[in-house]
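Engineer: Quick one, fold the following:
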Amino acid sequence: MTGIDLLGYTAGAITSLTFLPQVLKTRKEKSAKDISLFMFVIAAVNEAMWIIYGALIDNWVIILTNVIILTMSLIMIYYKFSYK
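Structural biologist: Numbering: from 1, shown residues only. Next up, the predicted model:
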């Protein structure tokens, strides 16, 4: 693994954590009333597109990072509908 690869995986790991605090807070409080559904729908579509792009160029950093963020976006969408 090169230094560039290490940088990419590290950046991807940190980026993957961006939605984690919101997911944990929403789960703990069992409330998503102040959460924007539209924001997470946009994020989910965006992440799906990045996954496709990553697959087309065979870049695992892009794929893995965006799979994790897509998962958290879908969890937040689920919470938005579940915690009414």
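Engineer: Give me the phi and psi for the spatially most central residue of the chain.
Structural biologist: Closest residue to the average C-alpha location of the chain: residue 69 at 1.2 Å, with CA atoms, centre = their mean. Backbone torsions of residue 69, given as degrees, to the nearest 10, read phi -70, psi -40.
Engineer: which ones are touching it?
Structural biologist: Shown in contact with residue 69 (CB atoms under 8 Å, 6 or more residues apart in numbering): 15-16, 18-19, 43, 47. C-betas here are computed from N, CA, C, even on glycine.
Engineer: which residues of the protein fall in helices?
Structural biologist: For the chain, the helices defined by DSSP state H cover 3-16, 20-29, 37-56, 60-82.
Engineer: Buried ones in the last one, by neighbour count?
Structural biologist: Along helix 60-82, these residues count as buried under the neighbour rule (16 or more other CB atoms under 10 Å): 61-70, 72-77, 79-80.
Engineer: Next, the angle from it to helix 37-56.
Structural biologist: 150 degrees (axes from the mean of the first three to the mean of the last three CA atoms, to 10 degrees).
Engineer: With mean pLDDT added, can I get the helices of the chain in JSON lines?
Structural biologist: Formatted as JSON lines, the helices of the chain follow (pLDDT from 0 to 100):
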{"stretch": "helix 3-16", "mean pLDDT": "92"}
{"stretch": "helix 20-29", "mean pLDDT": "96"}
{"stretch": "helix 37-56", "mean pLDDT": "97"}
{"stretch": "helix 60-82", "mean pLDDT": "96"}
